[in-house]
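**Q** Sequence first, predicted coordinates after that:
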Amino acid sequence: MDRGEGVIEIRVHVVDRALEGMIYDLEIFFKEQVPPWQAAYPLQWPTGWSPMDMVGGIGFATATNPLRYCEPVTFVIQVVPPVTGDHIWIHATDKDHNNLGYIVSQRAPS
């Protein structure tokens, strides 16, 4: 969901039982977005998660609250300057930072 002025709400809902408790970080690389982003800043994140420093991107990580099956969580970021793309490519990684694959966030109707 886009809140305007570059503020984007990203709702992550794990729908594959095989990923239960496996996702410990979410990473968004600016150059992978269409169009590429210049910068983004964390605004809000779920309890137990925190922003993490990344070169060329923005990320969130947890040591204690991995994503759970059918328990949606919300992250809020601000992209500067605001973007017009309809998708956000997000890397999901496990507790050892191994890539589990992409999550593709799609723009929801407002």
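**A** Yep, it's here.
**Q** Regarding stretch 79-90, how distant is the last residue from the first?
**A** Across stretch 79-90, the terminal residues are separated by 14 Å (CA to CA, to the nearest Å).
**Q** Let me see the residues that make contact with it.
**A** 4-6, 8, 10, 12, 26-29, 32-35, 37-41, 102-107 (CB atoms under 8 Å, 6 or more residues apart in numbering). Backbone N, C-alpha and C define where each C-beta goes, glycine included.
**Q** Off-centre distance for stretch 96-106?
**A** Put simply, stretch 96-106 sits 9 Å off its chain's centre (CA atoms, centre = their mean, to the nearest Å).
**Q** what's the spacing between Asp41 and Asp96?
**A** Not Asp; residue 41 is Tyr. The gap separating Tyr41 from Asp96 is 27 Å, by CB to CB, to the nearest Å.
**Q** When the two are compared, which one has more neighbours?
**A** For Tyr41 versus Asp96, neighbours defined as other CB atoms under 10 Å are more numerous around Tyr41 (13 against 6).
**Q** Next up, phi/psi of the more buried one, please.
**A** Main-chain torsions, Tyr41, degrees, to the nearest 10: phi -130, psi 140.
**Q** Contact partners for it?
**A** 58, 77-78, 80.
**Q** What residues are bridge-paired with it?
**A** Counting by DSSP bridges, Tyr41 is bridged to Gln78.
**Q** Now do it against Asn98, distance only.
**A** Tyr41 is 26 Å from Asn98, by CB to CB.
**Q** Straight-line length of stretch 16-26, end to end?
**A** 16 Å.
**Q** what does stretch 49-68 give?
**A** 13 Å.
**Q** In that stretch, which residues are buried?
**A** 49, 57-62, 66-67 (16 or more other CB atoms under 10 Å).
**Q** Report the buried residues of stretch 28-41.
**A** So for stretch 28-41, counting by 16+ other CB under 10 Å, buried means 28-30, 32-33, 37, 40.
**Q** residues near Glu27, how many?
**A** 20.
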